[in-house]
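Visitor: sequence and predicted model, in that order:
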Amino acid sequence: MRRFAARLLLLLAASMALHAGWAHAHDARPAFLQIDQIGTARYAILWRTPVFSGMRLPVVLRIPEGAQVVSPPHEQVLSDSIVERQIIDVPGGVAGKRFEFVGLQGTITDVLVRAQLQDGARQTTLVRASQPWVEVAPQVGWMDVVATYVVHGITHILLGYDHLLFVLALVLIVPSMRVLLWTITSFTLAHSITLALATLGVVHVPGPPVEATIALSILLLACEILRTRRGQPSLTQRWPWAVAFTFGLLHGFGFAGALSEIGLPQSDIPLALFSFNVGVELGQLAFIAAIFAVLAVVRRLRLPAIMTRHGYAIAASGIGVLSAFWLVDRVAAFFA
């Protein structure tokens, strides 16, 4: 079955090309809107739009109709985003009022919205391009937090091509379904540990070295695929769960970096963290299911003999080339 993985790799590569994610596996950072009530009808607004390759995300915040600007937007330019702060008055309050995100329909980016009212009501919402606006609700339940962060976890893993490529490499190395389940479980446990530790501030690891080392971990697995194909001793094939757990600790720091981009609601940190991790796992399981679904279809096809003989090598080479590209690009960023 695994000799047909070259077709799967081509599909994955095409998806990455369409999303222009070759060099930046995590450039799907969301925009962010924070609404804090500071008076009876007065609100502090923080609006952050990400910057990709030196260009600002073309999305403009439109405040509710009838709102009055007390202090004009003050802009702060950061390395990865542009932050605007302003104060507005909204007669009758923002409950039930609509904030719009003009231009969001033309992007693949989401907007994370957090609102904090003086009566204790809190709201966390993930706004998508299909509905580029949000209405502030007077009361928000814990289910809204769960839904928002589960969706964001799924989105992150499905757009995190380096993490997906690592999982694909494990599938190509591990010899049986039973062992693969143990291996994926080890990977999940490991990155859940470091995701929690890094998000809660217990451990801090700089992001750029983590991203570069993640690329290196994928490159090492590509080499392991070739070793197993040649019948040479392979540590990953012998102890796949141990290798997956070790590298999983590293990948957890990568997930934490993505989560830090959107932040966590201070009143629901454990719930949001758990929900994000659940979303990551759901996306990961969906990807693995897609791998086996594609392989099941490909098995029924009559492919050229060269692909059946060299599919392993083609898949490993593709994974190796792409991970090596990421590694060089991320290391070069250290000196940019």
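Guide: The structure has been received and is ready for your questions. Residues are numbered from 1 along each chain as shown.
Visitor: buried sites along the helix or strand encompassing residue 282?
Guide: Using DSSP states H and E, the element containing residue 282 is helix 269-299. By 16 or more other CB atoms under 10 Å, the buried positions in helix 269-299 come out as 271-284, 287-288, 291, 294-295, 298. The C-beta positions use only the backbone N, C-alpha and C, and glycine is treated the same way.
Visitor: what mean pLDDT does stretch 143-162 get?
Guide: Here stretch 143-162 scores 84 as its mean pLDDT.
Visitor: mind pulling up the pLDDT for the closest residue to residue 273 other than its chain neighbours?
Guide: In space, and not counting its chain neighbours, residue 273 is closest to residue 199: 5.6 Å by CB to CB, 6 or more residues apart in numbering. Looking at residue 199, its pLDDT stands at 83.
Visitor: kindly report the same for residue 29.
Guide: The model's pLDDT for residue 29 equals 70.
Visitor: likewise for residue 257?
Guide: 78.
Visitor: so it sits against residue 209, correct?
Guide: No - between residue 257 and residue 209 there is no contact under CB atoms under 8 Å: 11.1 Å.
Visitor: contact partners for the residue nearest to residue 273?
Guide: Residues in contact with residue 199 (CB atoms under 8 Å, 6 or more residues apart in numbering) are 256, 259-260, 264, 269, 273.
Visitor: nearest to residue 326, of these?
Guide: Nearest to residue 326 out of these is residue 256 (CB to CB; 18.7 Å).
Visitor: which strands or helices does the host helix or strand of residue 254 pack on?
Guide: Residue 254 belongs to helix 240-262 when assigned by DSSP H and E. Contacts defined by 3 or more CB pairs under 8 Å, 6 or more residues apart in numbering; DSSP states H and E place helix 240-262 against helix 142-159, helix 161-173, helix 177-199, helix 207-229, helix 269-299.
Visitor: could you point out which element follows the one helix or strand in the chain whose mean pLDDT sits lowest?
Guide: For the chain, counting by mean pLDDT, DSSP states H and E, helix 5-18 ranks last in confidence among helices and strands (a mean of 43). Per DSSP H and E, helix 5-18 leads on to strand 31-37 as the next helix or strand towards the C-terminus.
Visitor: CA atoms of that next one as CSV?
Guide: The C-alpha trace of strand 31-37 is given here as CSV (Å, rounded to 0.1, in the frame of the first residue of the first chain):
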residue,chain,number,x,y,z
ALA,A,31,-6.8,39.1,12.6
PHE,A,32,-7.9,40.0,16.2
LEU,A,33,-10.5,42.4,17.7
GLN,A,34,-10.7,43.1,21.4
ILE,A,35,-13.8,45.0,22.8
ASP,A,36,-13.5,46.1,26.4
GLN,A,37,-16.3,48.1,28.1
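Visitor: and the contacts of that strand?
Guide: With contact meaning CB under 8 Å, 6+ apart, strand 31-37 is reached by 43-50, 57, 59, 61, 93-94, 99, 101, 104, 109-118, 134, 136, 262-263.
Visitor: mind giving me the domain split of the chain?
Guide: Taking automatic domain parsing as the domain assignment, the ranges for the chain are 2-26+160-335, 31-140.
Visitor: which of those domains has the lowest average pLDDT?
Guide: Among the domains of the chain, domain 2-26+160-335 has the lowest mean pLDDT, at a mean of 79.
Visitor: of the contacts of strand 31-37, keep whichever come out buried.
Guide: Buried subset of these (neighbour count, 16+ other CB under 10 Å): 43-45, 47-50, 57, 59, 61, 93-94, 99, 101, 104, 109-117, 134, 136, 262-263.
Visitor: among those residues, which lie within strands?
Guide: Under the assignment DSSP state E, the buried ones among the contacts of strand 31-37 contribute 43-45, 47-50, 61, 99, 101, 111-116, 134 to strands.
Visitor: taking the centroid of the chain, which residue is nearest it?
Guide: Nearest to the geometric centre of the chain sits residue 156, at 2.1 Å (CA atoms, centre = their mean).
Visitor: quick check, that residue in contact with residue 257.
Guide: No - the pair residue 156 / residue 257 is not scored as a contact, 10.2 Å apart, by CB under 8 Å.
Visitor: and residue 199, how close does it get to residue 329?
Guide: 26 Å (CB to CB, to the nearest Å).
Visitor: quick revisit: export the helices and strands packed on helix 240-262 to JSON lines and tack on distance to residue 82?
Guide: JSON lines is the format used below for those (distance: least, CB to CB, whole Å):
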{"stretch": "helix 142-159", "distance to residue 82": "21"}
{"stretch": "helix 161-173", "distance to residue 82": "26"}
{"stretch": "helix 177-199", "distance to residue 82": "25"}
{"stretch": "helix 207-229", "distance to residue 82": "19"}
{"stretch": "helix 269-299", "distance to residue 82": "25"}
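Visitor: residue 239: which of the ones you listed is closest?
Guide: helix 177-199 (9.6 Å).
Visitor: quick one: the closest one to helix 142-159, angle?
Guide: Interaxial angle, helix 177-199 versus helix 142-159 (axes from the mean of the first three to the mean of the last three CA atoms, to 10 degrees): 120 degrees.
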